[in-house]
Structure formats: structure tokens, C-alpha cells
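Peer 1: Provide a 3D model corresponding to the input given below.
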Amino acid sequence: MNVEGILPERVKNQAFKKEFECPICTCLLWKPIRCKNCEKHFCESCLKLVFEKINPNNCPYGGKFEATKPVPLLLSLLGELQISCINEANGCKESIPYESLEKHQEKCQYKYFSCQDCQKNILFKELISHSKICKKEEREKINASDFDKKLEIIEKTFNLELKIMKKDIESNKLIQDQMRKKIQLLRTKNWIAGKQTINKKGDWTIKCSRKSFYVKRCSRRR
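Peer 2: This is a model prediction of the structure:
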């Protein structure tokens with residue numbers, strides 16, 4: 001974990017000394033490296049940044065940079081420091097030894113994490129409880145989405161069946177009309193069924209089950 005950029009006010013158990021300061025970032029030295037030529041100490045990450053962005057392998061104070069081990073006394077003094085957690089503003093009240101700071105901040109309960117489901121920033125100590133609620137809400141959203149999809153399918157199916165039923169009704173009406181006409185025709189034929197005779201005047205007489213009526217015979221032209 002990256003913990004460089006430790007401001008002087010985070011040192012809690014003693015006054016911040018000039019010897020503790022990195023000349024590049026002006027913050028507390030973190031993982032210090034000493035230049036053999038200028039004999040100054042720098043943060044490891046600060047030197048990498050200088051080498052990448054400005055002038056590779058050259059000392060920030062001029063000349064060639066030659067890395068060497070930090071002065072043991074400096075390491076001993078840094079090891080005595082008690083530093084506040086970077087998550088102090090979130091509620092962490094611990095003062096951590098210099099050597100343990102990185103490990104603590106990796107697992108600090110007051111560190112913010114981004115929830116993978118809702119993308120909200122949640123404190124690490126609340127992440128498990130939030131995850132249960134968030135997953136439940138996510139499941140409810142999925143269930144609601146599935147319900148909407150199922151409802152949409154049902155509506156489409158219903159509309160399709162309704163169209164088919166309307167067509168069937170129209171077809172049935174047509175069949176019924178045709179049947180009525182056939183029945184009416186059969187009734188008419190049954191009504192006029194009977195014996196046909198010719199009277200003295202030469203007209204046809206049709207005897208039916210209900211009525212008798214006369215039809216004049218048409219004379220043929222000769």
C-alpha cells in the first residue's frame with residue numbers, strides 16, 4: 001500500500017524534526033534512500049518520480065545519484081515515531097508505530113471501499129453488513145426486472161390470443177350468416193313443396209303444406 005505523503009502534523013509523540021523531512025515532497029521520509037554524493041535522504045517513491053519525469057539517475061541536488069543505505073540513527077529515530085492513521089477523519093483514533101503504519105492502513109476498519117454492486121463508498125467495518133443489504137436490494141431489483149419481463153410476455157401473448165379470438169368471432173359470424181341463408185332457403189323450398197295442377201283457366205296451382213296459390217302459365221308464342 002502507498003503511504004508516502006505523511007504530513008508533519010500526523011506525527012503524534014514528538015515534534016517533527018527537519019531530519020525527518022524529504023527534500024522533494026517535504027513530508028515525512030518513507031522508505032528512505034540516501035544519496036552517496038549529497039548524503040541526503042529521499043523517499044523511495046519521490047526518487048522514482050524524479051528519475052522518470054525529470055532526469056534519470058541524476059541526484060536532485062546535482063551530479064550522479066549513487067544510492068546507499070540510510071544512516072542507522074535516522075532509521076532508529078523514525079522507528080520511534082507514532083503516526084496517526086490516514087483514516088483519522090473517518091473515525092480511526094489509533095496512533096501507529098512507523099514500521100506498522102503500512103500494515104495497519106491496509107486493514108484499517110475506517111478505510112473506504114467501493115461497493116461492487118452499488119458503487120457507493122462504504123467503510124470497511126460496515127462493508128459486510130452493507131453487502132447483505134445491497135445484495136438483497138439487487139436481488140429485489142432483478143426479481144422486479146424478471147417480473148416486468150414476464151408481465152410483458154404475458155401481455156404480448158394475451159394480445160395475440162385476443163387477435164386470434166377476434167378473427168374466430170368474425171369467421172363464426174360469417175359462417176352463421178351463411179347458415180342462416182341456407183336455413184332460410186331450405187325453409188322456402190319446404191314451404192313451396194307440393195303438387196302442381198292446371199285449372200280450367202290454364203293456370204298452375206301449387207298445393208303447399210301451408211297455402212295454395214296460383215301461378216299464371218305463360219303462353220308460348222307460336
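
Peer 1: How many neighbouring residues does Y112 have?
Peer 2: When neighbours are counted by other Cβ atoms under 10 Å, Y112 registers 14. In this view, the C-beta of every residue, glycine as well, is placed from N, C-alpha and C.

Peer 1: residue boundaries of the strands in the protein?
Peer 2: 32-35, 41-43, 67-68, 82-84, 95-97, 112-114, 121-123, 196-198, 204-207, 212-215 (DSSP state E).

Peer 1: Return the distance of the shortest one from the chain's centre.
Peer 2: Think strand 67-68. From the chain centre to the centre of strand 67-68 is a distance of 51 Å (Cα atoms, centre = their mean, to the nearest Å).

Peer 1: Please report how far N172 lies from K182.
Peer 2: 15 Å (Cβ to Cβ, to the nearest Å).

Peer 1: now do E155
Peer 2: Taken as Cβ to Cβ, the span from E155 to K182 is 41 Å.

Peer 1: Hmm, K31 and C43 touching each other?
Peer 2: Yes - applying Cβ atoms under 8 Å as the test, C43 and K31 come out as touching, 6.6 Å apart.

Peer 1: what about those two, which has more around it?
Peer 2: C43 (22 against 15).

Peer 1: Show the contacting residues for that one.
Peer 2: Counting by Cβ atoms under 8 Å, 6 or more residues apart in numbering, C43 touches 4, 22, 24-25, 27, 29-33.

Peer 1: how about the nearest residue to it, chain neighbours excluded?
Peer 2: C22 (4.5 Å; Cβ to Cβ, 6 or more residues apart in numbering).

Peer 1: For that neighbour, give me its contacts.
Peer 2: Residues near C22 by Cβ under 8 Å, 6+ apart: 28-30, 32, 41-43, 46.

Peer 1: Need the worst-confidence member of those.
Peer 2: Within the set of these, pLDDT is lowest for C46 (90).
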